[in-house]
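Enquirer: Pasted the sequence and its predicted model underneath.
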Amino acid sequence: MVEHNVSRIPVVDDKLRGIITVADIARGVHALPKGLAAKSLNDIYDDLIKRNAIHRINTAADIMTPDPITTIPETSLTSAAKTMTERHIGGLPVVDRKGRLAAIITKRDIVRAMAALK
């Protein structure tokens, strides 16, 4: 996550099975750093490494949020933004009709799309 500057990673096999966020990792190691929202991904990762806490996680299933809230490709940006706001989530996996991951839409994506409107 740190290496690729992403704040969520989907867990997939043939379908989307879950999602892992920085908060999931912190909860998974029972080491939620104070001021989590104010820290960068690098700072959070460094905190966990210093505490030797990150090594307590064995598999993605240990910390992922299973069956995350999703949307479909035909969903409007307005509807996606409303879902993310109502559910207090920063990203929304986009799945096809078979449940396969197609993309992840984030708050940043929505802001960029709105900024591009003329």
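Expert: Yes, it's here. Numbering: from 1, shown residues only.
Enquirer: lowest-pLDDT helix or strand in the chain?
Expert: Lowest by mean pLDDT, DSSP states H and E among the helices and strands of the chain is helix 41-50, with a mean of 67.
Enquirer: pull the CA atoms of the helix or strand following that helix into CSV?
Expert: Using DSSP states H and E, the helix or strand that directly follows helix 41-50 along the chain is helix 60-63. What follows is helix 60-63 as a C-alpha-only set of coordinates in CSV (Å, rounded to 0.1, in the frame of the first residue of the first chain):
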residue,chain,number,x,y,z
ALA,A,60,-5.5,-11.0,3.9
ALA,A,61,-8.5,-12.8,5.4
ASP,A,62,-7.2,-12.0,8.9
ILE,A,63,-7.8,-8.3,8.5
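Enquirer: and the protein, what are its domains?
Expert: According to automatic domain parsing, the chain comprises the domains 1-67, 69-118.
Enquirer: List the buried residues in stretch 108-118.
Expert: 109, 110 (16 or more other CB atoms under 10 Å). Yep, even glycine has a C-beta here, placed from its N, CA and C like the rest.
Enquirer: before we move on, the earlier item: going by mean pLDDT, which of the domains of the chain comes out lowest?
Expert: Here the domains of the chain differ in mean pLDDT, and the lowest is domain 1-67 at a mean of 75.
Enquirer: How far does that domain stretch from one end to the other?
Expert: 20 Å (CA to CA, to the nearest Å).
Enquirer: Next: stretch 90-106.
Expert: End residues of stretch 90-106 are separated by 6 Å (CA to CA).
Enquirer: what about stretch 11-25, distance to the chain center?
Expert: From the chain centre to the centre of stretch 11-25 is a distance of 8 Å (CA atoms, centre = their mean, to the nearest Å).
Enquirer: How about stretch 2-14?
Expert: On CA atoms, centre = their mean, the centre of stretch 2-14 falls 7 Å from the chain's centre.
Enquirer: Tell me how many other residues crowd the residue lying closest to residue 105 once chain neighbours are set aside.
Expert: Closest residue to residue 105 apart from its sequence neighbours, by CB to CB, 6 or more residues apart in numbering: residue 92 at 5.1 Å. For residue 92, the neighbour count with other CB atoms under 10 Å is 26.
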